[in-house]
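K.L.:
Turn this into a structure:
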Amino acid sequence: MKVSSLQLLCCPACGGSLSLGASAAHDPVHSGQLACAKCGKNFAIKDGIARFIKPDELVGSNKKHEKLNNLFSYICTPATRLMFALCGGEDRARAECLDRLDLRPGGRVLEIGLGTGDNLPYLIKRVGNAEIFGIDISHSMLEHCVRNLRKWHLAAELFLAEAEHLPFRDHSFDCVYHLGAINFFTDQQRAIAEMIRVAKPGTKVVIVDENERALRVLDKFALQLMIGKRKEVVPPIDYVPKTMQDIRLDEIWKGYGYLIEFRTPLG
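P.N.:
The predicted model follows:
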């Protein structure tokens, strides 16, 4: 974590300002602690990643999927590529999502649930110079992402956090997107509200995931054995407030996925 990123951060519990311990006041910060001036909560920084959640604090679907994602992180990249083979290949599948973003050179981009970071090379290729931020609930996913970033010679600010409680101040990002996990979030409506909160006025928000057709295919490959009984997938477009602009729901990935996009109002 960089000290310069502190101006964007807030306590995910109360929205209060965060400060670094004196021993961590250098840039970048590899280890240390963030303290909330309002509610007094402390958040550890370990291996350069600020940790805004603890596994025993998670509830609902997030609690179950944090454990599953820690295991899945070891095969995430090849498994995703195999799934995208059904959708015309990885390059095409990721392009269907990332080409819909409003990417501006020098802008600040947030990916919700970035996993092992496989979107980032595609993202950087499109935007060039940008400030990249990403959150995930799985510490193992983020550890794999750190290794990938080193391998790709790319940089991003990573945080262990929930989509439903983002540790960022209002109106912080020029681009906000999520690809591939909202179907299993504990509270989809709150997650979407948080994406809106941290987006600047006029920002496009893009949300993508597999549809019910895709999940039924995955059920045949032991998905239900891994996650247990699940609800039918319904694209959460009804959770997008009517005050948003240019709301749109599209089918993508050769009929195996959905994409929701909208723009936050100006002013």
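K.L.:
give me the beta-bridge partners of the residue most central in space within the chain?
P.N.:
In the chain, the centroid-proximal residue (Cα atoms, centre = their mean) is Ile112; its distance is 1.3 Å. On the basis of DSSP bridges, Ile112 is bridged to Ile135, His178.
K.L.:
mind listing what it touches?
P.N.:
134-135, 163, 166, 176-178, 191, 195 (Cβ atoms under 8 Å, 6 or more residues apart in numbering). Every residue, glycine included, has its C-beta placed from N, CA and C.
K.L.:
Quick check, pLDDT for it.
P.N.:
Among the per-residue scores, Ile112 shows a pLDDT of 98.
K.L.:
How about Arg213?
P.N.:
92.
K.L.:
Would you agree it is in contact with Trp253?
P.N.:
No: the criterion here is Cβ atoms under 8 Å, and Arg213 misses it with Trp253 at 9.7 Å.
K.L.:
The contacts of Ile112: which two are farthest apart?
P.N.:
Greatest spacing in those, by Cβ to Cβ: Gly134 and Ala191 (14.8 Å).
K.L.:
sorry, back to before: if you count surrounding residues, which of Arg213 and Trp253 has more?
P.N.:
Taking neighbours as other Cβ atoms under 10 Å, Arg213 and Trp253 compare with Trp253 leading, 23 against 15.
K.L.:
The more buried one and Val217: what is the separation?
P.N.:
Trp253 sits 11 Å away from Val217, taking Cβ to Cβ, to the nearest Å as the criterion.
K.L.:
neighbouring contacts of stretch 3-10?
P.N.:
With Cβ under 8 Å, 6+ apart, stretch 3-10 has contacts from 16-20, 25-29, 34, 50, 108, 133, 157, 167-169, 172.
K.L.:
cutoff 10 Å now
P.N.:
Contact with stretch 3-10 is made by 1, 16-20, 24-29, 34, 36, 38, 43, 50, 52, 108, 110, 131, 133, 157, 159, 166-170, 172-173, 198, as judged by Cβ atoms under 10 Å, 6 or more residues apart in numbering.
K.L.:
Let's see which of these end up in helices.
P.N.:
Val198 (DSSP state H).
K.L.:
Among the contacts of stretch 3-10, name the buried ones.
P.N.:
1, 16, 18, 20, 24, 29, 34, 36, 43, 50, 52, 108, 110, 131, 133, 157, 159, 166-169, 172-173, 198 (16 or more other Cβ atoms under 10 Å).
K.L.:
Show me what the helix or strand encompassing Val217 is packed against.
P.N.:
Using DSSP states H and E, Val217 falls within helix 212-219. Applying 3 or more Cβ pairs under 10 Å, 6 or more residues apart in numbering; DSSP states H and E, one finds that helix 212-219 contacts helix 76-85, strand 204-210, helix 223-227, strand 257-263.
K.L.:
where does it sit relative to the chain's centre, distance-wise?
P.N.:
22 Å (Cα atoms, centre = their mean, to the nearest Å).
K.L.:
Over to stretch 89-97?
P.N.:
Put simply, stretch 89-97 sits 18 Å off its chain's centre (Cα atoms, centre = their mean).
K.L.:
Pull out the CA atoms of it and give them to me as CSV.
P.N.:
What follows is stretch 89-97, C-alpha atoms only, in CSV (Å, rounded to 0.1, in the frame of the first residue of the first chain):
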residue,chain,number,x,y,z
GLY,A,89,-11.8,-17.7,-26.1
GLU,A,90,-10.3,-15.7,-23.3
ASP,A,91,-9.4,-12.6,-25.4
ARG,A,92,-12.9,-12.3,-26.8
ALA,A,93,-14.6,-12.9,-23.5
ARG,A,94,-12.6,-10.3,-21.6
ALA,A,95,-12.9,-7.8,-24.4
GLU,A,96,-16.7,-8.0,-24.3
CYS,A,97,-16.5,-6.7,-20.8
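K.L.:
And for that stretch, what's in contact with it?
P.N.:
77, 80-88, 118-119, 121-123, 126, 177-180, 206-208, 250, 252-254, 256-257, 259, 261.
K.L.:
Just the buried ones from the residues you listed?
P.N.:
If we count by 16+ other Cβ under 10 Å, the contacts of stretch 89-97 have these buried: 77, 80, 83-84, 87, 118-119, 123, 177-180, 206-208, 252-253, 256-257, 259, 261.
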